[in-house]
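> sequence and predicted model, in that order:
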Amino acid sequence: AIPGFDIWYFDNALSKPAVKLADWNNDGTNDASNDPEIIRAHRAGHTAEWEAARELRPGILLMGNTDDLSSPQFSGKLQGAFLESLIGKSWSMERWQGWEKMMVRYHTAMKHTAPPHIVGFNVSGRKDDFQRMRYGLTSCLLDNGYFSYTDEELGYSSVVWFDEYDIHLGLPVDEPPLQPWQLGVYRRLFKNGMALVNPGLLPKTVTIEPGYRRIMGNQAPVVNNGTAVTSITLGGQDGIVLVKE
């Protein structure tokens, strides 16, 4: 028997054409990708494909590799969004538009997908770049998406495991933060711990209430050494997961 799939994935489910200039309507004249008429037709083509998929497989979850689902044509049409290489590539959004705008895209994807809101927060890098992984993971933990890390040498055939993946933080106890907690550092609390991220370029030292410790790990022992903390210094573009004692 052919195994079934729970998710139907659509690559390049973009809000407008990726090619900036082409004869999209076959009238002999090149059209700009930001032409409102071209954008409407482009989105209509995507939504028609998604509707056809639903007719073929009623009840299947639809996920798109997308940049923006906030338009009326796209909002609520997909149950999932894959945000590819938000960090780590030469073309990554975090690199060219900054962490804050990257997070707006992430929060927007959560808002404009349909339940169960399966949003993948993807980061690319070396398999031993633990700082980049922490930066991405803790950014992801500021909302309710799913984190994935891609080994840049092996691509999507890779399955990279990190010490943080073995930690059971439990459910969040507060809403996704939209403003910094201390000194530009963002924090989200969970039943069994917290996530902190410093998206700035300079180190920041923040005060932690008693009762938290670093996780115990083997990959980055200077960071994850199991010690109790009441303050912590986060390097620029770094994050950390702490657990309750």
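It's in.
> alpha carbons only for contacts and neighbour counts from here, please
Fine.
> wasn't T47 part of a helix?
Yes - looking at T47 with DSSP: H, G, I helix; E, B strand; the rest coil, it is inside a helix.
> contacting residues for E164?
Residues near E164 by C-alpha atoms under 8 Å, 6 or more residues apart in numbering: I215, G217, V241.
> let's see 7 Å
Residues near E164 by C-alpha atoms under 7 Å, 6 or more residues apart in numbering: none.
> quick one: low-confidence ranges for the protein?
1-5 (pLDDT under 70).
> what are the ranges of the helices in it?
36-56, 93-97, 99-112, 130-140 (DSSP state H).
> mind putting those into a markdown table with mean neighbour count and distance to S158?
Output for the helices of the chain, formatted as a markdown table (neighbours: other C-alpha atoms under 10 Å; distance: least, C-alpha to C-alpha, whole Å):
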| stretch | mean neighbour count | distance to S158 |
| --- | --- | --- |
| helix 36-56 | 15 | 28 |
| helix 93-97 | 15 | 22 |
| helix 99-112 | 19 | 23 |
| helix 130-140 | 23 | 14 |
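> what residues does the closest residue to N30 other than its chain neighbours make contact with?
On the basis of C-alpha to C-alpha, 6 or more residues apart in numbering, the spatially nearest residue to N30 that is not a chain neighbour turns out to be D23, at 4.1 Å. Going by C-alpha under 7 Å, 6+ apart, D23 touches T29, N30, D31.
> and what of L196?
Contacts here follow C-alpha under 7 Å, 6+ apart; on that basis L196 touches T138, V185, Y186, R187, R188, G239, I240, V241.
> against T230, how distant is the residue nearest to N30?
61 Å (C-alpha to C-alpha, to the nearest Å).
> who touches stretch 66-78?
12-15, 43, 62-63, 81-83, 108-109, 112-114.
> so among those, which ones count as buried?
Buried members of the contacts of stretch 66-78, counted by 16 or more other C-alpha atoms under 10 Å: 13-15, 43, 62-63, 81-83, 108-109, 112-114.
> those in strands, which ones?
L62, M63, A81, F82, L83 (DSSP state E).
> from these, pick the one nearest M102.
L83 (9.7 Å; C-alpha to C-alpha).
> could you check how far that closest one is from N224?
For L83, the distance to N224 - C-alpha to C-alpha - is 28 Å.
> run through the residues that contact the residue located most distally from the centre of the chain.
Centroid-distance maximum for the chain: G28 at 39.7 Å, with C-alpha atoms, centre = their mean. Listed by C-alpha under 7 Å, 6+ apart, the contact set of G28 is empty.
> separation between it and R40?
Using C-alpha to C-alpha, G28 is found at 19 Å from R40.
> show me which residues of the top strand by length along the chain are buried.
Secondary structure of the chain per DSSP E: the longest strand is strand 204-214. With burial defined by 16+ other C-alpha under 10 Å, the residues of strand 204-214 counted as buried are K204, V206, Y212, R213, R214.
> pretty sure the last one sits against L242.
What that stands for is R214. Yes - taking contacts as C-alpha atoms under 7 Å, R214 lies within contact range of L242: 4.9 Å.
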